[in-house]
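Undergrad: Make a model of this:
(one chain, ligands or ions: 1)
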Amino acid sequence: MIKMARAGFRIALLQLKVGPNKSQNVANALTRIRSAVKDDGARVVALPECFNSPYGTQHFAEYAEEVPSGETSRSLSAIAKELGIYLIGGTIPERNPTENKIYNTCTVWSPEGDLMATYRKIHLFDINIPGGITFRESDVLTGGSDLAIVPIDGAKIGIGICYDIRFDELARLYRNKGCDMLIFPGAFNMKTGPLHWELLARARANDTQSYVATISPARDAGAGYVAWGHSMVVDPWAQVVASAKEGEETVLADLEFAKVDEVRAQIPIFSQRRTDLYDTEQQKS
Ligand SMILES: NC(=O)CCC(=O)C(=O)O
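TA: Below is the predicted model of the structure:
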């Protein structure tokens, strides 16, 4: 039987400037989404982590909104519908008044403006590098417990957020569930960004033989938390196929999911795994 090659789509990663004015942040995102679609022909647009608020534990409660009734969700829904696109809505601090909790949340919108998925960052960014960076998201945020997979034009996309990219187990779950691509809105910093941002994107692409996209805010040297930038698309061969520098920029890439099938057929590690052995060894430890 002849298998039809799978289609793909053009994705735009918006490396956005983010400042203290929430309405301006959202308005800037809408302007740049429109341009990525109308001028650059994107079918799927992805935004950075924390694009409507400065990134910092002192800011999350002030900027938090309910999902999907808050103003940022409503704007994302409306623009996705107006332009007929899929929109990976970066992240915003999400307030859940019933639980009295705040999450770091990604929403995904369909071309009809419907909420396709909500993903709450599972692994909170708590690190302490003396002389480098100390950060404790868990001081104010609650971690999520659910994966999010969205079907887009015949591909399956798994969502993670920033620090989640360090956990190969999460990527493995998405791969086991049949994902072809992983998208991580993220805001690495000036200490770990140069060391690990590209390394981790390429590692997760290689582990899962999938496309990986990482989307950072633009760098603002005067901000309390300085983002690394360098949003990028990595293909299933683990090659960086498109990337930004540190400023406000749109990264475009034409994804071909036949490439996923190709690398998986040519280097068939998925079917070669010895899960019998891994499970047995795991039980011994
Ligand atoms: N926002 C984040 O989760 C930052 C993660 C990060 O910088 C890292 O090194 O990991």
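
Undergrad: What's the biggest helix in the protein, counting residues?
TA: Longest helix in the chain by number of residues, with DSSP state H as the criterion: helix 22-38.

Undergrad: Distance from that one to the middle of the chain?
TA: 18 Å (CA atoms, centre = their mean, to the nearest Å).

Undergrad: what is the rounded mean pLDDT of it?
TA: Regarding helix 22-38, the rounded mean pLDDT is 98.

Undergrad: Am I right that residue 255 sits in a strand?
TA: Yes: assigned with DSSP: H, G, I helix; E, B strand; the rest coil, residue 255 falls within a strand.

Undergrad: The closest residue in space to it that isn't next to it in sequence bridge partners, please.
TA: Spatially, and ignoring its direct neighbours in sequence, residue 255 is nearest to residue 8 (4.4 Å; CB to CB, 6 or more residues apart in numbering). (Glycine included, C-beta is placed from N, CA and C.) Beta-bridge pairing for residue 8 (DSSP bridges): residue 256.

Undergrad: What is the burial count for residue 8?
TA: Residues contacting residue 8 under the criterion other CB atoms under 10 Å number 21.

Undergrad: need the residues of the protein near the ligand, please.
TA: For the chain, the residues in contact with the ligand (CB under 6 Å from any ligand atom) are 49, 125, 162, 163, 166, 186, 187, 188, 189, 192, 196.

Undergrad: the strands in the stretch 151-285 of the chain, which residues?
TA: Ranges of strands in the stretch 151-285 of the chain, per DSSP state E, counting those that start in this stretch, are 155-159, 181-185, 211-215, 232-234, 240-243, 249-256.

Undergrad: what about the chain, any weak spots by pLDDT?
TA: For the chain, the stretches with pLDDT under 70 are 1-5.

Undergrad: now the helices for it?
TA: With helices called from DSSP H, the chain shows them at 22-38, 60-63, 71-83, 168-176, 192, 198-208, 258-266, 269-272, 275-284.

Undergrad: CSV for those helices, including mean neighbour count?
TA: Formatted as CSV, the entries for these read as follows, by neighbours: other CB atoms under 10 Å:
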stretch, mean neighbour count
helix 22-38, 18
helix 60-63, 16
helix 71-83, 20
helix 168-176, 17
helix 192, 19
helix 198-208, 20
helix 258-266, 16
helix 269-272, 9
helix 275-284, 8
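
Undergrad: The closest residue to the ligand within the stretch 1-150 of the chain: neighbouring residues, count only.
TA: Nearest residue of the stretch 1-150 of the chain to the ligand: residue 125, at 3.4 Å (CB to the nearest ligand atom). Residue 125 has 25 neighbours, counted by other CB under 10 Å.

Undergrad: The residue most central in space within the chain bridge partners, please.
TA: Centroid-nearest residue in the chain: residue 184, 2.1 Å away (criterion: CA atoms, centre = their mean). Per DSSP bridges, the residues bridged to residue 184 are residue 214.

Undergrad: Please report how far it lies from residue 216.
TA: 10 Å (CB to CB, to the nearest Å).

Undergrad: do the same with residue 268
TA: Distance from residue 268 to residue 216, counting by CB to CB: 33 Å.

Undergrad: Look at these two and report which has more neighbours.
TA: Each of residue 268 and residue 216 has its neighbours counted (other CB under 10 Å); residue 216 has more, 27 against 11.

Undergrad: I figured the more buried one hits residue 189, correct?
TA: No: judged on CB atoms under 8 Å, residue 216 makes no contact with residue 189 at a distance of 10.1 Å.

Undergrad: list residues touching both of these two?
TA: Residues touching both residue 216 and residue 189 by CB atoms under 8 Å, 6 or more residues apart in numbering: 227, 228.
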